[in-house]
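**Student:** turn this into a model:
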Amino acid sequence: MANLFSLILVLATIVTGIIWALDRFLWAPKRQLKIDAAAANAGGQVDAKTLEAVAPQPGWVESTSSMFPVIAIIMVFRSFIYEPFQIPSGSMMPTLLVGDFILVEKFAYGLRDPVFRHKLVETSEPERGDIVVFKYPVNPNVDYIKRVVGLPGDLVRYSDNKQICIAPKGTTECKPVMMSQMHDSDFVQNRTRLIQFTEQLGEAKHDILIHPLRPNQTFDYQPRPGLAEWVVPEGHYFVMGDNRDNSADSRYWGFVPEANLVGKAVGIWISFEFERSADSVLPSWIPTGVRFSRIGGID
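**Tutor:** The predicted structure follows:
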């Protein structure tokens, strides 16, 4: 759906731009010549408004030409600068909640054309701990959001106590990612209160959630059977959700190719609350409030 919208936006920009250019450089000068000729024949006795009626600008040309700058600005802003996304699931709790609307910095990992996604300009690369939006490798028409855990060449291990261990590229020592400040969270899953930890991934310090009663399970994507350990290929990234026991991520479907990266999540611009009582008659898609305290940056 996102790719289809990008295609429609680019086509609309091209079509309205062509009509704007034709009117500005071809049709408008021809209309002006007719107006000048009519003015000369009238000997200056006719006002400008009457003269414009001699060669009026067609209504569809006027409408289309006036739309071009607006559509072009939207296309450039959305394709190369920032794009809004909505958080649809709880896989990134407690960092991001259902109902959060975030801004994604499109130029963070390179400028790409909005349709075919060829990289046009190199900028920077993801860092460990970045929250990234990417095209889901299994279905590139779907956008996913997760946190970068493993960089190209890293060895990533997920232990039975649900702690990440990383051996960066070029090293053999697997260093556990520090987890601190354990406490009961405000989040409940399957009638069980989740445990919240503060985790340090590179320079990024953020909170994660662990389900205390759910054992560490066998993950679907295991290059080495029976061992939750992955070596990240070059040009790929290993990503995970902050809600560790409720996230379909690289542990289940593999690595994210660099070409699938859309951008870096940099801020929450609005956050809606959707919780309602069991007897509420409001449709589920109508928000029940605004969480103003969440507007701003992302950990």
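
**Student:** tell me which helix or strand in this protein has the weakest average pLDDT.
**Tutor:** For the chain, using mean pLDDT, DSSP states H and E, the weakest element among its helices and strands is helix 48-52, scoring a mean of 72.

**Student:** check which helices and strands it sits against.
**Tutor:** Contact here means 3 or more C-beta pairs under 8 Å, 6 or more residues apart in numbering; DSSP states H and E; on that basis helix 48-52 packs against helix 28-42. For glycine as for every other residue, the C-beta is placed from the backbone atoms N, C-alpha and C.

**Student:** elements contacting whichever helix or strand comes after the least confident helix or strand of the chain?
**Tutor:** Using DSSP states H and E, the helix or strand that follows helix 48-52 towards the C-terminus is helix 59-76. Secondary-structure packing of helix 59-76 (3+ C-beta pairs under 8 Å, 6+ apart): helix 2-22.

**Student:** so for the helix it packs on, what gets flagged as buried?
**Tutor:** Neighbour-count burial for helix 2-22, counted by 16 or more other C-beta atoms under 10 Å, picks out Ala2, Ser6, Leu9, Val10, Ala12, Thr13, Thr16, Gly17, Ile19, Trp20.

**Student:** the fourth one contacts Arg78, correct?
**Tutor:** No: checked against C-beta atoms under 8 Å, the pair Val10 and Arg78 is beyond contact range at 10.3 Å.

**Student:** shared neighbours of these two, which are they?
**Tutor:** Pro114 (C-beta atoms under 8 Å, 6 or more residues apart in numbering).

**Student:** residues in contact with the nearest residue to Val61 once chain neighbours are set aside?
**Tutor:** Closest residue to Val61 apart from its sequence neighbours, by C-beta to C-beta, 6 or more residues apart in numbering: Asp23 at 5.3 Å. Contacts for Asp23 (C-beta under 8 Å, 6+ apart) come out as Gln57, Val61, Ser65.

**Student:** ok, His236 next?
**Tutor:** Here His236 is in contact with Pro152, Phe255, Val256, Pro257, Glu258 (C-beta under 8 Å, 6+ apart).

**Student:** next one, pLDDT for the second one please.
**Tutor:** pLDDT, the model's per-residue confidence, is 97 for Phe255.

**Student:** what is the neighbour count of it?
**Tutor:** Other residues near Phe255 come to 21 when the count uses other C-beta atoms under 10 Å.

**Student:** is it true that it touches Val232?
**Tutor:** Yes: between Phe255 and Val232 there is a contact under C-beta under 8 Å: 6.1 Å.

**Student:** which neighbours do the two have in common?
**Tutor:** With C-beta under 8 Å, 6+ apart as the test, Phe255 and Val232 both reach Phe238.

**Student:** which residues of the protein score low on pLDDT?
**Tutor:** Applying pLDDT under 70 to the chain flags the ranges 1-2, 44-46, 51, 224.

**Student:** same thing but 80
**Tutor:** Flagging of the chain using pLDDT under 80 yields the residue ranges 1-3, 39, 42-52, 54, 203-204, 216-218, 222-227, 275-285, 297, 299.
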